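Chemist: predicted model and sequence below, questions to follow.
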Amino acid sequence: MEKRRIFKIALIQMKMQIEKAENIARARELIDSAATQGADVIVLPEGFTCNYTKFPNEENTEPIDDFESNEEAVSTRMLSDAAKTHGKYIIGGSFPERRSDGHVYNT
């Protein structure tokens, strides 16, 4: 008989603050906690980087193109780093993304 593997999913709920940096730091803390508790997949809420009163405005948008080399892409780099550090799948909810053509998307 085939042994079944338990697959754990962490659904993170968090109260978004006005300051983007606070939200990103808090999301990382919660990701780290979920990973150490054995989650295989970690899911963040929609708009986890900013309070909906500021979604999406220019100060909260991030470039998605070439995120690894772009200093403004803090959310994407944090998610990538957390996934690599913990060896987990992370679904980054969504955040306001600015494409190279200047358009803003809720990705």
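Modeler: Nice, I can see it.
Chemist: any idea which helix or strand in the protein has the lowest mean pLDDT?
Modeler: strand 104-106 (a mean of 77; mean pLDDT, DSSP states H and E).
Chemist: partner strands of it, parallel or antiparallel?
Modeler: strand 96-98 (antiparallel) (DSSP bridges).
Chemist: how about stretch 60-70: buried residues?
Modeler: For stretch 60-70, a neighbour-count test (16 or more other CB atoms under 10 Å) marks N60, T61, E62, I64, F67 as buried. Placement of C-beta: from N, CA and C, glycine included.
Chemist: from S100, how far out is the third one?
Modeler: Distance check for E62 against S100: by CB to CB, to the nearest Å, it reads 12 Å.
Chemist: equivalent analysis for the fourth one, please.
Modeler: Going from I64 to S100 by CB to CB gives 9 Å.
Chemist: again, but for the first one
Modeler: Counting by CB to CB, the gap between N60 and S100 amounts to 18 Å.
Chemist: next, count neighbours for the nearest residue in space to I64 that is not next to it in sequence.
Modeler: The spatially closest residue to I64, leaving aside those adjacent along the chain, is E97, at 4.6 Å (CB to CB, 6 or more residues apart in numbering). E97: 20 surrounding residues under other CB atoms under 10 Å.
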